[in-house]
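Visitor: Following is a predicted model, sequence given first.
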Amino acid sequence: MCGNAEGSRWCWSPGPTERRRREAEVREVRVAWVDLDTGAWWEEHFDAEAIRFLGGRGLAAWLLYRHVGESVGPLDPDNVLIFACGRLTGYPWPSAARYSVTAKSPATGCYGYANGSGFFGPELRRTGFDAIAVRGRARAPSALVVERGRIELVPVPELWGRTTEETELELRRRYPGARVASIGPAGERGVVFAAVINDLGRAAARTGMGAVMGSKNLKAVVARGDAGPRVGEEFRQAARQAVGRLRKHAGCQLLGRWGTAVLIRGKNIRGDLPSKNHRWGQFPWAEDIDADALARYTVATAGCFACPVRCSRVTEVKSGAFQTPRGEGPEYETINALGCNLWNRDLESIIHANRLCNLLGLDTISTGMAISFAMECREAGLLPRQHPSPAWGDPQGILELIRAIAFRQGLGDLLAEGVARAAALIGPPSERMAMHVKGVELPRQEGRVLKAFALAHATSNRGADHLYALPTIDSAGLQEVAEKYFPRFLPEIMDVTSEKYKGYMLRFTEAYNAVADCLGVCKFTCTENYALLPEDFAPALRALGLELTAADLIRAGERVVNLERMYNVRHGLDRSSDRLPERFLKEPLDVYMRPEDIEHKGLDEAGLLHRGLLVDLDAMLDEYYAAGGWTTRGIPTAARLREVGLEDLVRDLPGGGEDG
Amino acid sequence: MSGSVWVQYYGLTREAAGCAGESVSVPAEGMDVASFLALVADRHGPALRRALLDENDRPLPMVGVLVDGVAVPPGAGERRVRPGSRVAIFYVMSGGDSK
């Protein structure tokens, strides 16, 4: 039923006056600023910036750019931590569930953000705020309770030291109907890759936003709204069409049926299943950890707010050494990081380790990469004697080291600094084992096989990252997408192992992914598989009073990427920071027809799918910079900044103005 | 009496087949999609077989197939690959997951 009835959240037919008021509401962005030193809060409203940066990640990047300068350290009270809803977060749009957490990152020392899902973001939207920006440091461990028109800083010293699950359940008991984003012991102790966890296991994981939260004595943010955004029939019609497309899309159907673990088999065949700290691109026991194996522990499926895909697996290990209660996950990245990356074929231990990371508030990707770094250092005899590390494939040792990282004990204290700093402390031979870019540990793609991902990892403005640009067009064989956007570069652009034209692909995909983050939608509906294209969002935005074409949206995405780049440029980053670990440039990777052959030497060519793959990063960087209007040093030109609507940033270019 | 079918590989299946496309001979009465996948798997190395079929030679759920531009679930038997058809084989997923 559709009408004007009280309590009808989604169905509403506005009159002309009401429509103008609603358009003004949508165009205006409300940011609540909170001073944790005093508990005071105030509102700042934006109009033009809401159009310029859309919302979510883009809006938060703009706030960070304005308010956190080069002299502020990531864990200083003056760093600003921003929880931001995307433009569509909490609206009845498919998978509009995502929110961003942005701050200067302790991992990169410059720009950082993480992106979370579940139901916290939509609940934040229901409070009427688009973003909450906090600065300062609370005198005692505290929770920030956000409701409509009211924000309160509540001391919760009794929750300090508690797991994210204990914290969330207790705060939900105290504030019925609320959603909670919290940190665990890792964030309290400033672990450089500490995550923010919401909905009992959804992670805004990357770049150490949990550590920033901990540095502010902020244990949790509690969101409790009273009404979702109201939309009219025009919006609902656009949303229905989008849902219809998603339900018919083969990739979305596959995710719903099998979850992200379905990626494992294909990745193992093509050599894109990084194993043993990227010494291999395949894993001989992939069938022990793939989607079929995970299905044996799956007791239900789950989805985020308004999601028609429902990719999440709810798993349980009922008995044994790794008994684990029901909970969401693990997802592909985690299965890899804590599984084949550690030469660990015990899926029950991976499920258990995933839950442990969530409880302690750790990024599973970086945790796995920190442990594989330690395992390789141990094998090479580089670790000090007082720091025993588990051997490859030792599940109990992995679990012990996860706890040691979160509580900063022994070797865990060293690894809690991230692999870049740990390698600097151990000494030069270990640096070639430290798999990171800009201080952030590598996600789980193999760049020597998928060259577009190699470039994506190297150039992401938040450090090594697959989701910043998510260049799947070639690797997923999306021929129609390539024909639409890159007809000039066909067929070469579709060769995954070739560096050619990947810079052009990345310029488009990084912009579209920025749009997804700014709108607050899940990438599984758009940039992963192109089930929805940029133009599919335009009718919904138009219904909200935002007249933006597909080209306008991509331009907004470009603007956000350039803004983030300029933040890093202000901090002295340039081409020299867009690097990959030496392993990708100097250690050739062979891909075997039969992954079980990977540790056998002396196979002839017949046993190989690819021989001696390496990355020619400089060639790709040259193309990428040129395609995006940046100098060969990786710095946006003044002309490019003006072109994307960032003329106010020209003065921040090196040299104080025109192109440096 | 047989005729030829043009099969085009995309993404992972292209790497596993070692070619972008090829002509494959099929019987005049055609064959179902699952049998066609087994046929092309036999023409190449173990990588393509693993990419297309499970241990019991059943098509994998992540394999997408278009026959004359129409998506056909590999397990479905109703649409046949006949001489003159154009077939596209691809993987429907790539990348990673969300963080």
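Guide: Sure thing, it's come through.
Visitor: other SSEs contacting the longest helix seen in chain B?
Guide: Ordering each helix of chain B by length in residues (DSSP state H) puts helix B:33-43 first. With contacts taken as 3 or more C-beta pairs under 8 Å, 6 or more residues apart in numbering or on different chains; DSSP states H and E, helix B:33-43 sits against strand B:21-27, helix B:46-52, strand B:63-67, strand B:80-81, strand B:86-91. Placement of C-beta: from N, CA and C, glycine included.
Visitor: got TSV for these, with mean pLDDT too?
Guide: Rendered in TSV, the data for the helices and strands packed on helix B:33-43 read as follows (pLDDT from 0 to 100):
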stretch	mean pLDDT
strand B:21-27	94
helix B:46-52	90
strand B:63-67	86
strand B:80-81	91
strand B:86-91	88
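Visitor: State the pLDDT value of A:Ser13.
Guide: Predicted confidence (pLDDT) for A:Ser13: 45.
Visitor: repeat for the one 4 residues further on
Guide: A:Thr17 is assigned a predicted lDDT (pLDDT) of 63.
Visitor: what's the answer for B:Ala71, then?
Guide: Per-residue confidence (pLDDT) for B:Ala71: 75.
Visitor: Return the nearest residue of the stretch 301-450 of chain A with respect to chain B.
Guide: Of the stretch 301-450 of chain A, the residue with the smallest distance to chain B, taken as C-beta to the nearest C-beta, is A:Glu331 at 4.2 Å.
Visitor: ok, that residue touching A:Gly259?
Guide: Yes: at 7.2 Å, A:Glu331 counts as touching A:Gly259 under the criterion of C-beta atoms under 8 Å.
Visitor: shared neighbours of these two, which are they?
Guide: The overlap between the contact sets of A:Glu331 and A:Gly259 (C-beta atoms under 8 Å, 6 or more residues apart in numbering or on different chains) consists of A:Ser312.
Visitor: Tell me which of the two has more neighbours.
Guide: More crowded of A:Glu331 and A:Gly259, by other C-beta atoms under 10 Å in any protein chain shown: A:Gly259, with 28 against 23.
Visitor: dump the residue contacts of the nearest residue to that one once chain neighbours are set aside.
Guide: In this structure, A:Gly259 finds its nearest non-sequential neighbour in A:Arg313, 4.4 Å apart by C-beta to C-beta, 6 or more residues apart in numbering or on different chains. Shown in contact with A:Arg313 (C-beta under 8 Å, 6+ apart): A:259, A:261, A:294-295, A:298, A:301-302, A:328-329.
Visitor: In three-state terms, label A:Arg313 for me.
Guide: strand (DSSP: H, G, I helix; E, B strand; the rest coil).
Visitor: mind checking pLDDT for it?
Guide: At A:Arg313, pLDDT is 96.
Visitor: Quick check: beta-bridge partners of it?
Guide: A:Thr301 (DSSP bridges).
Visitor: now the one 4 residues further on
Guide: With DSSP bridges as the criterion, the beta-bridge partners of A:Val317 are A:Thr324.
Visitor: and it, how many neighbours does it have?
Guide: The number of residues packed near A:Val317 is 19, by other C-beta under 10 Å.
Visitor: wait, isn't it in contact with A:Gln323?
Guide: Yes: when contacts are counted by C-beta under 8 Å, A:Val317 is listed as touching A:Gln323 (5.4 Å).
Visitor: Quick check: A:Ala32 is in a strand.
Guide: Yes: counting by three-state DSSP, A:Ala32 is located in a strand.
Visitor: Please report how far it lies from A:Leu153.
Guide: A:Ala32 is 12 Å from A:Leu153, where distance means C-beta to C-beta, to the nearest Å.
Visitor: what does B:Met62 give?
Guide: The spacing between B:Met62 and A:Leu153, counted by C-beta to C-beta, is 48 Å.
Visitor: Same check on A:Val299?
Guide: Relative to A:Leu153, A:Val299 is positioned 39 Å away (C-beta to C-beta).
Visitor: These two - which one has more neighbours?
Guide: Set A:Val299 next to A:Leu153 and count neighbours by other C-beta under 10 Å: A:Leu153 wins out with 24 against 10.
Visitor: Adjacent strands (with direction) for whichever strand or helix holds that one?
Guide: Assigned by DSSP states H and E, A:Leu153 belongs to strand A:150-155. Counting by DSSP bridges, the strands paired with strand A:150-155 are strand A:142-147 (antiparallel).
Visitor: for the record, mean pLDDT for the strand it pairs with?
Guide: 98.
Visitor: Okay, buried residues for stretch B:40-52 please.
Guide: The neighbour-count check on stretch B:40-52 (16 or more other C-beta atoms under 10 Å in any protein chain shown) flags B:40-41, B:44-52 as buried.
Visitor: Appreciated, that's everything.
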